[in-house]
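Peer 1: Sequence first, predicted coordinates after that:
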Amino acid sequence: MRNRLLGAFAGMLAAFTASVASAAPLEIQFWHPSLGPLDDALKQQVASFNDSQTAYKIVSSGRGTYDETFNAAIAGFRANKHPHLLVVIGQGTQSMLLSGSVYPVQDLLTAEGHKVDWNGYLQPVLNYYRTKEGKLLSLPFSVSTPILWYNKDAFAKAGLTRAPVTLDELGEYAGKLRAAGYECGYTSGWQQWVHVDNYSVIHDLPIATKYNGLDGLDATFVYNKTAVVKNMARLQSWAADGRYVYSGRQGSSATPAFTSGRCAMMTHSSAVFSSLQAGAKFAFGAAPLPYEAGATPRNSLIGGGSLWVLKGHKPEEYKGVAAFLAHLSSPDQQAKWHKDTGYVPLTTAAYEKVKAEGYYEKNPQQEVAIKQIQRGTPTLNTMTVRLGNANQYVAALEEEMEAVWANKKTAQEAMDDAVRRGNEILRRFERQRGN
């Protein structure tokens, strides 16, 4: 009798354990770079989805820089321990596209029954991540574009009443700010993104052949034959007389140079808005990137990260991935993400929602990027940059730019060397991936 009772109890316990296990949410692994001050905003996005349903649980994990996150995913894929979702910087699109590890976002959402109105998205954002045939590969996520930030108090001291519109004006302003007692008139984060990529796109100039790589792996860099060289030479002259101060690669060093009051103007990502709010002890404003006098500026080029879905997981888990992506794309979540971070909202509905709330009347800085990326009519020079081994060719270019700022090379010499080195990197990528 005792054995029968124990057996019955064991059976009940097993059934209970099985029912609890079956009720447990399926975990979706989400790897992303650490976003610093914006990590809290990301945690809120994840928590919002997890709290909205019980079938799935997004487990987010910051993996360091964009490069470190990418490398961790490669190691995870080789060990069959890769995440479902991965954030990759925009320049890594070509490498992801040809990796053989991607489940295209548009295919996933369609397969899982999510009817998405792609016409309701900001088209310049989608253009960056589409294939030549128009299929969306990854979902834009932490989308930003560089704009001009300026110290309003410093402008008042120097007698400046508006933001500079042209690059020549930018130099004039930097000189006046120096004369007003500021150590640094102008600095920049993400120098390659600002001074080469966005300079080229705004002026409808090719960065590389084959429509910046969109039309084939055999693309070659050509920015050493365009007005990019003139722009570099101008910046070199500003660096020589102190109007321009180099603040290091990427963006981390430029922000404190600006928020400390040392540099009165800065070109940087629109997504530093929250950092400036927290760190600046002065009134600041934002304006579109300055351009060449007489030019008709086009849209700027976006950057930041997008969400890639990786192959090799269970079908039921992909339902959760699709549900999470749909949640992130909703107008309410997009509006909150935009206001919390400074990243660009993905959809027109989210943009209009924020505008209707009167948010931009109090925070006009956050509308500058949205207007800038939608300016003009896109061309094949302004849609995207689709080149392989981006981290390698960007590092080579930035090294050559540093030689310009240090006055070790002329602008033409440095850009010629950067193009030569960059093309060698592209050819290695072409051989590795094959046509």
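Peer 2: Cool, got the structure. Here the structure is a predicted model, which means the values were calculated and not measured.

Peer 1: Do you have the helices of the stretch 51-200 of the chain handy? List them.
Peer 2: 66-78, 93-97, 105-111, 123-129, 152-158, 167-179, 191-192, 199-202 (DSSP state H, counting those that start in this stretch).

Peer 1: average pLDDT across the first one?
Peer 2: Summarised as a single mean, pLDDT over helix 66-78 is 89.

Peer 1: starting at the chain centroid, how far to it?
Peer 2: 18 Å (CA atoms, centre = their mean, to the nearest Å).

Peer 1: could you measure the spatially most central residue of the chain against Thr54, distance?
Peer 2: Most central in the chain under CA atoms, centre = their mean is Gly304, positioned 0.8 Å from the mean C-alpha point. From Gly304 across to Thr54, the span is 31 Å (CB to CB, to the nearest Å). All C-beta spots, glycine's among them, are computed from the backbone N, C-alpha and C.

Peer 1: Ok, Trp149 next?
Peer 2: Taken as CB to CB, the span from Trp149 to Thr54 is 43 Å.

Peer 1: who has more neighbours, the two?
Peer 2: Neighbour count, other CB atoms under 10 Å: between Trp149 and Thr54, Trp149 has more, with 29 against 10.

Peer 1: Report the contact partners of the nearest residue to that one once chain neighbours are set aside.
Peer 2: Among residues not flanking Trp149 along the chain, Met266 sits closest, at 4.8 Å (CB to CB, 6 or more residues apart in numbering). Contacts for Met266 (CB atoms under 8 Å, 6 or more residues apart in numbering) come out as Leu148, Trp149, Tyr150, Tyr186, Thr187, Ser188, Gly189, Ala254, Thr255, Ala257, Phe258.

Peer 1: I'd like the next helix or strand past the helix or strand of the chain with the lowest mean pLDDT.
Peer 2: Lowest by mean pLDDT, DSSP states H and E among the helices and strands of the chain is helix 2-23, with a mean of 48. Downstream of helix 2-23, the first helix or strand assigned by DSSP states H and E is strand 26-32.

Peer 1: Tell me where the chain has strands.
Peer 2: 26-32, 56-62, 85-89, 139-144, 146-151, 186-188, 244-246, 265-269, 284-287, 303-309 (DSSP state E).

Peer 1: For Tyr173, find the nearest of those strands.
Peer 2: In terms of CB to CB, the element of the strands of the chain nearest to Tyr173 is strand 265-269, at 6.7 Å.

Peer 1: so what pLDDT did the residue nearest to the centre of the chain get?
Peer 2: 87.

Peer 1: just to revisit the earlier point, the strands of the chain: which one's closest to Gly358?
Peer 2: Short answer: strand 284-287, nearest of those by CB to CB, at 17.9 Å.

Peer 1: And the average pLDDT for that closest one is what?
Peer 2: 98.
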